[in-house]
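Novice: Dropping a prediction and its sequence here:
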Amino acid sequence: MLIAVSTVMDTVEHVRRHVAGNLAGGADHVVVFLDRPRGAGQAEVAAFLDEHPHATGVRAGVDWWGEERPRELNERQCTNANLAKQVLADAGLRGWVAHIDGDEILRCDRGVLDGLSSAQTAVRFAVRETVSRRSWDGEPTWFKRLLPDADLHLLHGLGLIAEPTNQAYLSGHLMGKSAARIEAPVWLTLHKVVDAAHVGLEPVEDETAFELFHYESYSAEEFARKWTAMVASGPRASYRAERRSTAATMRALINRGLEPAALERRIVAYYERFLLEDAEALHDLGVLVETDPLRPRDPARVPEPVAGDVLAAGFEAAAGRPKAPFFHGTSPGGRGLASAGSDTRSDARSDTDAGSDAGRRGWRRRS
């Protein structure tokens, strides 16, 4: 069994895509924590999740925490993922739980996953990131992957990236995301699986069997929507060093109190200057992955049924109870178990959300 877990504040259209894509990609069930269940449009999202036979929605607002709500989104995400793992284990489920974002879709060869030995408790899904275009005719189907040095130097020589590095090529995280065995005494962080001593576990990796499709800032409209939601989600999230300039710029811009039309123009101008890519050139060079993540990876596979009422009862029992012990990841000024000497520096340098290093690049992408 494979369960995908995320913490989101998003539109019902995007949550529908998230659920449908992960089920098409190999998941059996999708658990979605609604980070601000009383926010605009979230009642519609909750209703969709409540009615879906292969999804469970958890209203994770202020009343959910049973203590002060963690200020950092990263901490809320990791805490929710590990609590979900515990609820799944208590329900007698066996298999894997993957911690992903609401704009990510797993694509998994279930034959390979189900064939792993019980001693293997961590799996890494390699990232595939959407190409940034002005607009798409339908959902994105062109994705970037981590490239070898030869390809990066070619793209740099052609003026398509500022530096011959994957950090300059991808706008989001590079680490991918991980899944942990439900029944194993291990913990999920933002990108990896750690043991009880907070030591990162060596994951099983397979570039063709375990993929993660990241719908990262693929259009100006999506970039604006995502950052507006991000600013509303809390004071800060964890970003790798190269990406903090965009985070600071977007927060300052969105919090400036501009008229909506003026704010939209400034966000779109920023996107077109720093994120827009020459998608056709990348396609011509053969460096993209062409995939429709909404198409079933294995058309013959039927998601294994999960007793949604049992999961709902488990989450209902957890509502209002303190959850700090479930946090084993990292966040700025992280608290709980992660602050008790865990080596989480590589997670702290990665990001979970939108953004690009415009300050570091200081250049205009050719489009």
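Specialist: Everything's here; your move. Quantities reported herein were computed from a predicted structural model and do not represent experimental measurements.
Novice: Find the nearest non-adjacent residue to V289, please.
Specialist: F143 (4.5 Å; CB to CB, 6 or more residues apart in numbering). C-betas here are computed from N, CA, C, even on glycine.
Novice: now do A318
Specialist: Of all residues not flanking A318 in the chain, L83 sits nearest, at 6.0 Å (CB to CB, 6+ apart).
Novice: following the helix or strand containing the one you found, which helix or strand shows up next?
Specialist: Using DSSP states H and E, L83 sits in helix 73-90. Per DSSP H and E, the first helix or strand lying C-terminal to helix 73-90 is strand 96-99.
Novice: That following strand pairs with which strands, parallel or anti?
Specialist: As defined by DSSP bridges, the strand partners of strand 96-99 come to strand 2-8 (parallel), strand 177-181 (antiparallel).
Novice: Tabulate the ones you listed in TSV, adding columns for mean neighbour count and distance to T228.
Specialist: Output for these, formatted as TSV (neighbours: other CB atoms under 10 Å; distance: least, CB to CB, whole Å):
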stretch	mean neighbour count	distance to T228
strand 2-8	26	14
strand 177-181	26	24
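Novice: I'd like to know which of the ones you listed is closest to R266.
Specialist: Minimum separation from R266 across the strands paired with strand 96-99 (CB to CB) falls at strand 2-8, 25.6 Å.
Novice: between that closest one and helix 73-90, how many degrees?
Specialist: 150 degrees (axes from the mean of the first three to the mean of the last three CA atoms, to 10 degrees).
Novice: quick check: mean pLDDT across strand 2-8?
Specialist: If you average the pLDDT over strand 2-8, you get 98.
Novice: Flag the helix or strand of this protein with the lowest per-element mean pLDDT.
Specialist: helix 358-361 (a mean of 30; mean pLDDT, DSSP states H and E).
Novice: just to revisit the earlier point, may I have the secondary structure class of the residue nearest to V289?
Specialist: At F143 the chain is in strand, as set by DSSP: H, G, I helix; E, B strand; the rest coil.
Novice: Send over the helix holding L83 as CSV, restricted to the C-alpha atoms.
Specialist: C-alpha atoms of helix 73-90 as CSV (Å, rounded to 0.1, in the frame of the first residue of the first chain):
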residue,chain,number,x,y,z
LEU,A,73,4.6,25.9,7.6
ASN,A,74,7.5,23.4,7.4
GLU,A,75,6.9,22.3,10.9
ARG,A,76,3.2,21.9,10.4
GLN,A,77,3.8,19.8,7.3
CYS,A,78,6.3,17.5,9.0
THR,A,79,4.2,17.1,12.1
ASN,A,80,1.1,16.3,10.1
ALA,A,81,3.0,13.7,8.0
ASN,A,82,4.3,11.8,11.0
LEU,A,83,1.0,11.9,12.8
ALA,A,84,-0.6,10.5,9.7
LYS,A,85,2.0,7.7,9.6
GLN,A,86,1.0,6.9,13.2
VAL,A,87,-2.7,6.9,12.5
LEU,A,88,-2.1,4.6,9.5
ALA,A,89,0.0,2.2,11.6
ASP,A,90,-2.7,2.2,14.4
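Novice: same for it, what does it pack against?
Specialist: Counting contacts by 3 or more CB pairs under 8 Å, 6 or more residues apart in numbering; DSSP states H and E, helix 73-90 is packed against strand 2-8, strand 29-34, strand 96-99, strand 187-188, helix 308-318.
Novice: Could you dump the ones you listed into TSV and include distance to F213?
Specialist: Shown next, in TSV, are those (distance: least, CB to CB, whole Å):
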stretch	distance to F213
strand 2-8	12
strand 29-34	15
strand 96-99	13
strand 187-188	19
helix 308-318	25
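Novice: out of the ones you listed, nearest to H14?
Specialist: Of all those, it is strand 2-8 that lies closest to H14, at 8.0 Å by CB to CB.
Novice: Strands along the stretch 151-300 of the chain, start to end?
Specialist: Secondary structure of the stretch 151-300 of the chain (DSSP state E, counting those that start in this stretch): strands at 177-181, 187-188, 193-194, 204-205, 210-214, 288-290.
Novice: For the first one, give me every contacting residue.
Specialist: When you say that, I think you mean strand 177-181. Residues from elsewhere that reach strand 177-181 (CB atoms under 8 Å, 6 or more residues apart in numbering): 2, 85, 95-101, 104, 106, 118, 120-125, 127, 186-188, 191-193, 203, 212.
Novice: OK, contacts around the residue lying closest to T130 once chain neighbours are set aside?
Specialist: Among residues not flanking T130 along the chain, Y218 sits closest, at 3.8 Å (CB to CB, 6+ apart). Applying CB under 8 Å, 6+ apart to Y218 gives the contacts 130-133, 136, 140.
Novice: repeat that with 6 Å
Specialist: 130, 132, 140 (CB atoms under 6 Å, 6 or more residues apart in numbering).
Novice: repeat for L152
Specialist: In this structure, L152 makes contact with P164, judged by CB under 6 Å, 6+ apart.
Novice: now it: how far from D35?
Specialist: Distance of L152 to D35, given as CB to CB, to the nearest Å: 36 Å.
Novice: all helices for the chain, in order.
Specialist: Assigned by DSSP state H, the helices in the chain fall at 12-25, 42-51, 62-65, 73-90, 110-114, 149-157, 166-169, 220-233, 244-254, 260-274, 279-284, 308-318, 345-348, 358-361.
Novice: Leaving out sequence neighbours, find the closest residue to L155.
Specialist: The shortest distance from L155 to any non-neighbouring residue, by CB to CB, 6+ apart, is to I161 (4.8 Å).
Novice: What about F33, how many residues nearby?
Specialist: Around F33 there are 26 other residues, counting by other CB atoms under 10 Å.
Novice: For it, give the beta-bridge partners.
Specialist: The bridge-partner assignment for F33, based on DSSP bridges, gives T7, V58.
Novice: Thought A60 was touching it, still the case?
Specialist: Yes - between F33 and A60 a contact is recorded at 4.2 Å, counting by CB atoms under 6 Å.
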